[in-house]
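Enquirer: Structure, please.
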Amino acid sequence: MKTTLIACLLLCFSMASAQSDLFVSNGSYIYIDGTGFSSGTDVAPLYVTNDVNLENNSHLYLRNDAQLLQGNNVGNSGTGELSVYQEGNVNRWSYNYWCSPVGNTNADDNSNRQFIFQQQITEPTGLITNVTPTFTFNVDGNNATDPVTISHRWIYSFVSSEQYTGWDYIGDAADVLAPGLGFTMKGTSGNPIVSQAYDFRGKPNNGTISSPIADGLFTLIGNPYPSAIDSAALIHDIDNVIEIEGTILFWEHATYVESHVLADYIGGYHEFSIDPLGNIISNTPAVFQTYDGAGNIVGPVPPGPPGASKRAYRYIPIGQGFMVEGSTGIGPGAVVTLKNSHRVFEKEAPASSVFFRSNNPDSSTSGIQYQDNGLSLVPDDYKRFRVNVDFTVGEAEYTRQILLNFHDTATFEHDRGLELKRAVNLDSDAYFVQDSKNYSGLAYPFSQDLRIPIVVDIEEQQPLRFRIFDIQNFDESQGIYIHDTYNDVYVNLRDQDYELNIEPGNYTDRFEIVFTPGQALSINDLEVSDLIIRQDNDIHELSVINPNGLDVKTIEVFDMTGKRMLNQLYDSVSNRYQLSTVNLSDGVYIVNVTSKNNTVSSEKIIVKH
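Expert: Numbering: from 1, shown residues only. Purely as a prediction, here's the structure:
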């Protein structure tokens, strides 16, 4: 099909185009505006059954969420260019994970061509115009320059590894990357909120694209097409079920850390899976962690602004990169595969397809229903809840979220798409274990007789808290208990949190989720010795943590001469009591906590300003 400018305008504004073959002659172009088209799995503003042939100096412009779908596994040809936009975080200190939808046009052949970073990424300047960015090896990019300056110092790929040394630099002008592999790139500004638009130009990828994967190792891949892809189709494709775990990982980098030094990095992986029909999303937020100079995890995030906030959705947009993990036992030559059958026309929207960045579009087209907090709802015949496990390690306070799904079709074996394989554990952490693998989420057929162990690792003595969250489709009368087998205590998390002070160790059989309490000690029978008394000198506050709901009457603070400095009376039960110590002088004090039955717990604290 030869296309003049007049014909182009009729095509791109009047109707969607379905072609058996698409030919754009030398010097011609097609401009597709997606504004007037609605998302759908079987339609697109431009659908080509066979190949796209872009002759030299011809162009195919996809604008305003326009996308190209192709039916057959054939090679595109020509040395002309497809042009499509994507936006990433503009923050110069933060990584985005990318995957190019196009390859280079240095030769005319019928295969998907390699991606060359300094050729295929450009800066848009108008509807169809662009400019080549300035590339620098300096640490900072700069969007105040004209054209924008991109630091190619941070362009890396990651193929079949679990070590920091597995990152492979590909930022030089001559470096190439195979189709389907992902890469990292940082932004161009100090603003962590806005986005930077990039214009990917080159030969459009099409057909089956495979990337190497290895037993228990990670590979950074992504969406390699100029259209969205369906994560359900990717995860449950028969060619991927054996090769990769059913959890895909999206990187989130803390935008408030203004440093390029690895030891200052703060970030983590959002874990995501979905059922085969694409109706049930299972995900847990990234737990931000810190690194040493060799890339080893050295701890959770210290105090600072709120941590992980991004979420992935069913449809993976153009240009999005993500990690996959090779399954246990796969042999040499294993690959993860993407296909045209995974491709869909889905515009970016918060409930369907969102590039994993801070600012997201406002519209919504997905059929999955979402709560006000952004979490998805499960169908009525499913049950779900999440447990937030709160840790305090030194100055760091963080939450690990774990997820439980329940349905009659679930098994006591692995339920792909309903469970979340854990990417990495911290030294103090909580998780499930199944078949000797660690999980952030499991699925079961529901029964009141279920006993679901939670493994807890504790690096150093600290307070530990269990909270329940996102309870869906449970009867109000159905209790959900945390059973502490060491103390023989059952706490209904629907009524109150469970807090305790815990010694270092690997607790594989201490904590479990149950739905019927046993004949154990009532929390009202416990003594005040189960209280946790802590002084936080950073905020000048004394906390008395009351995990078992004891009836506290008074909290008194005495100096070492016996003079009472603080005296607080209480007439109601609370999980936590807090007193300001800002007016106390530096020194050692005695804290007495008295219950209604006049039992006293006493502990020394040190106040220091």
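Enquirer: where in the chain is pLDDT low?
Expert: For the chain, the stretches flagged by pLDDT under 70 are 1-19, 41-42, 192-193, 306, 350-366, 519-529.
Enquirer: Centre-most residue in it?
Expert: Residue closest to the average C-alpha location in the chain (CA atoms, centre = their mean): His270, at 1.7 Å.
Enquirer: Who does that residue form a beta bridge with?
Expert: According to DSSP bridges, the partner residues bridging His270 are Phe250.
Enquirer: Provide a list of residues in contact with it.
Expert: Shown in contact with His270 (CB atoms under 8 Å, 6 or more residues apart in numbering): 249-252, 283-286, 308, 310-312, 356. Any C-beta I mention is one placed from the backbone N, CA and C, and that applies to glycine too.
Enquirer: Tell me how many other residues surround Thr136.
Expert: 15 (other CB atoms under 10 Å).
Enquirer: returning to that earlier point: and the residue nearest to the centre of the chain, how far is that from Ile545?
Expert: Applying CB to CB, to the nearest Å, the value for His270 to Ile545 is 30 Å.
Enquirer: Tyr156 too?
Expert: 44 Å.
Enquirer: higher neighbour count, those two?
Expert: Legend: neighbour count by other CB under 10 Å for Tyr156 and Ile545, higher for Ile545 (21 against 17).
Enquirer: if I read this right, the more buried one contacts Asp536, doesn't it?
Expert: No. With contact defined as CB atoms under 8 Å, Ile545 does not reach Asp536; the gap is 11.6 Å.
Enquirer: The host helix or strand of Val389 pairs with which strands, parallel or anti?
Expert: Under the criterion of DSSP states H and E, Val389 resides in strand 383-393. Strand 383-393 pairs in its sheet with strand 396-406 (antiparallel), strand 462-472 (antiparallel), by DSSP bridges.
Enquirer: nearest to Lys437, of those strands?
Expert: Closest of the strands paired with strand 383-393 to Lys437 is strand 396-406, at 14.2 Å (criterion: CB to CB).
Enquirer: which strands and helices sit next to the helix or strand that that closest one is followed by?
Expert: Along the chain past strand 396-406, the next helix or strand (assigned with DSSP H and E) turns out to be strand 420-421. Packing partners of strand 420-421 (3 or more CB pairs under 8 Å, 6 or more residues apart in numbering; DSSP states H and E): strand 266-274, strand 281-284, strand 437-444.
Enquirer: Kindly recompute the last result at 6 Å.
Expert: Packing contacts for strand 420-421, counted by 3 or more CB pairs under 6 Å, 6 or more residues apart in numbering; DSSP states H and E, involve strand 437-444.
Enquirer: Go ahead and name everything in contact with the strand it packs on.
Expert: For strand 437-444, contacts defined as CB atoms under 6 Å, 6 or more residues apart in numbering pick out 271, 282, 284, 402-403, 405-406, 410, 415, 418-422, 431-432.
Enquirer: Quick one: buried ones out of those residues?
Expert: Buried members of the contacts of strand 437-444, counted by 16 or more other CB atoms under 10 Å: 271, 282, 284, 402-403, 405-406, 410, 415, 418-422, 431-432.
Enquirer: What residues sit buried inside stretch 105-121?
Expert: Applying 16+ other CB under 10 Å to stretch 105-121 flags Thr105, Asn112, Arg113, Gln114, Phe115, Ile116, Phe117, Gln118, Gln119, Gln120, Ile121 as buried.
Enquirer: Could you pull up the residues touching Tyr29?
Expert: His59.
Enquirer: if we can go back for a sec, by neighbour count, which of the contacts of His270 wins?
Expert: Highest neighbour count within those: Glu252, with 27 neighbours (other CB under 10 Å).
Enquirer: Quickly note the distance from that residue to Gly88.
Expert: From Glu252 across to Gly88, the span is 13 Å (CB to CB).
Enquirer: which residues do those two both contact?
Expert: Both Glu252 and Gly88 lack any common contact, where contact means CB under 6 Å, 6+ apart.
Enquirer: Please name the nearest non-neighbouring residue to Asp427.
Expert: Among residues not flanking Asp427 along the chain, Glu459 sits closest, at 3.9 Å (CB to CB, 6 or more residues apart in numbering).
Enquirer: and the two most separated of the contacts of strand 437-444?
Expert: For the contacts of strand 437-444, and using CB to CB, no pair is farther apart than Phe406 and Arg422, which are 19.8 Å apart.
Enquirer: Now Val102: phi and psi?
Expert: phi -140, psi 160 (degrees, to the nearest 10).
Enquirer: For the closest residue to it other than its chain neighbours, which three-state class applies?
Expert: Nearest non-adjacent residue to Val102, counting by CB to CB, 6+ apart: Gly202, 3.3 Å away. Of the three states, Gly202 takes strand under DSSP: H, G, I helix; E, B strand; the rest coil.
Enquirer: where's Gly202 relative to Ser574, distance?
Expert: Distance from Gly202 to Ser574, counting by CB to CB: 61 Å.
Enquirer: Settle it for me: which of these two has more neighbours?
Expert: Between Gly202 and Ser574, counting by other CB under 10 Å, Gly202 is the more crowded of the two (28 against 14).
Enquirer: List the residues that contact the more buried one.
Expert: Neighbour list for Gly202: Glu81, Val102, Gly103, Asn104, Thr105, Gln120 [criterion: CB under 6 Å, 6+ apart].
Enquirer: Inside strands: which ones of these?
Expert: Among the contacts of Gly202, DSSP state E puts Glu81, Val102, Gly103 in strands.
Enquirer: Need the buried ones from the residues you listed selected in ChimeraX.
Expert: Selection of the buried residues among the ones in strands among the contacts of Gly202 in ChimeraX, burial being defined by 16+ other CB under 10 Å:
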select :81,102,103
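Enquirer: closest to Glu397 among the ones in strands among the contacts of Gly202?
Expert: Val102 (44.2 Å).
Enquirer: For the helix or strand hosting Asn96, which outside residues touch it?
Expert: Assessed by DSSP H and E, Asn96 sits inside strand 95-98. Residues outside strand 95-98 that contact it (CB under 6 Å, 6+ apart): Gly88, Asn89, Gly182, Phe183, Thr184, Met185, Lys186, Trp251, His253, Gly319, Gly321.
Enquirer: Recalculate using a threshold of 7 Å.
Expert: 88-89, 154, 182-186, 220, 222, 251, 253, 319, 321-322, 357 (CB atoms under 7 Å, 6 or more residues apart in numbering).
Enquirer: likewise stretch 137-147?
Expert: Defining contact as CB under 7 Å, 6+ apart, one finds that stretch 137-147 is touched by 90, 92, 123, 131-134, 149-153, 186-189, 196, 260.
Enquirer: Equivalent analysis for stretch 445-454, please.
Expert: Identification of contacts with stretch 445-454 by CB under 7 Å, 6+ apart yields 383, 402, 404, 406-408, 410, 430, 432, 444, 509, 511-516.
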